[in-house]
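Engineer: 3D model of this:
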Amino acid sequence: MPEESLDTVIHAPARLRIVATLATLGPGDEIAFPRLRALLDMTAGNLSTHLRKLEDAGYVAVTKTHEGRTPVTYLKLTDSGRAAFRAYQAALADLLKGAGT
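Structural biologist: Okay, here's the model as predicted:
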C-alpha cells in the first residue's frame, strides 16, 4: 500500500499525537485544552495551530465555554475523526506489513 494512502491531516507527528491522545477518551468525552497541552508537552500556540487543522478537517470538535468567569476550551474527537484514525491505523499497518517484503 503506497504512503499516499496515509491521511496527511493525521500523519504530521504533532497531529498524530493529538489524535492518538484524544482517541483514548471515550466517544463523546472531552478534555480541557490545558490538560491536553500538558499531556503532550506542547506550547499553546503550536497545539492551537494543529487543532485548527484537525478541526477544519472535521476530526476534532472544539467547545468554548465559561466556568464562572473563566473561559475554558474543551476538545474531543468527532465520529469522523475516530473513523479517520482507525483508517489511518489500518493503512499504516498495511504499509508496515508490505515493508518486510
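Engineer: now the helices for the chain?
Structural biologist: Per DSSP state H, the chain carries helices over the ranges 8-11, 13-23, 33-40, 44-56, 79-99.
Engineer: most centrally placed residue in the chain?
Structural biologist: Note on the chain: the residue nearest the mean C-alpha position is residue 19, at 2.2 Å, using Cα atoms, centre = their mean.
Engineer: that older thread, closest to residue 73 out of the helices of the chain?
Structural biologist: Of all these, it is helix 33-40 that lies closest to residue 73, at 4.1 Å by Cβ to Cβ. C-beta coordinates here come from the backbone N, C-alpha and C atoms, glycine included.
Engineer: What are the buried residues along the closest one?
Structural biologist: Residues of helix 33-40 classed as buried: 33, 36-37, 40 (neighbour count, 16 or more other Cβ atoms under 10 Å).
Engineer: so what secondary structure elements neighbour that helix?
Structural biologist: Contact partners of helix 33-40 among helices and strands, from 3 or more Cβ pairs under 8 Å, 6 or more residues apart in numbering; DSSP states H and E: helix 13-23, helix 44-56, strand 70-77.
Engineer: got the angle for the last one vs helix 79-99?
Structural biologist: Using axes from the mean of the first three to the mean of the last three Cα atoms, to 10 degrees, the interaxial angle of strand 70-77 with respect to helix 79-99 works out to 50 degrees.
Engineer: Same check on the longest one?
Structural biologist: Helix 44-56 runs at 100 degrees relative to helix 79-99, counting by the same axes, to 10 degrees.
Engineer: now the first one
Structural biologist: With the same axes, to 10 degrees as the criterion, the two stretches helix 13-23 and helix 79-99 enclose an angle of 120 degrees.
Engineer: coming back round to it: just put the buried residues of helix 33-40 in a markdown table and tack on distance to residue 55.
Structural biologist: Shown next, in a markdown table, are the buried residues of helix 33-40 (distance: Cβ to Cβ, whole Å):
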| residue | distance to residue 55 |
| --- | --- |
| 33 | 12 |
| 36 | 13 |
| 37 | 16 |
| 40 | 16 |
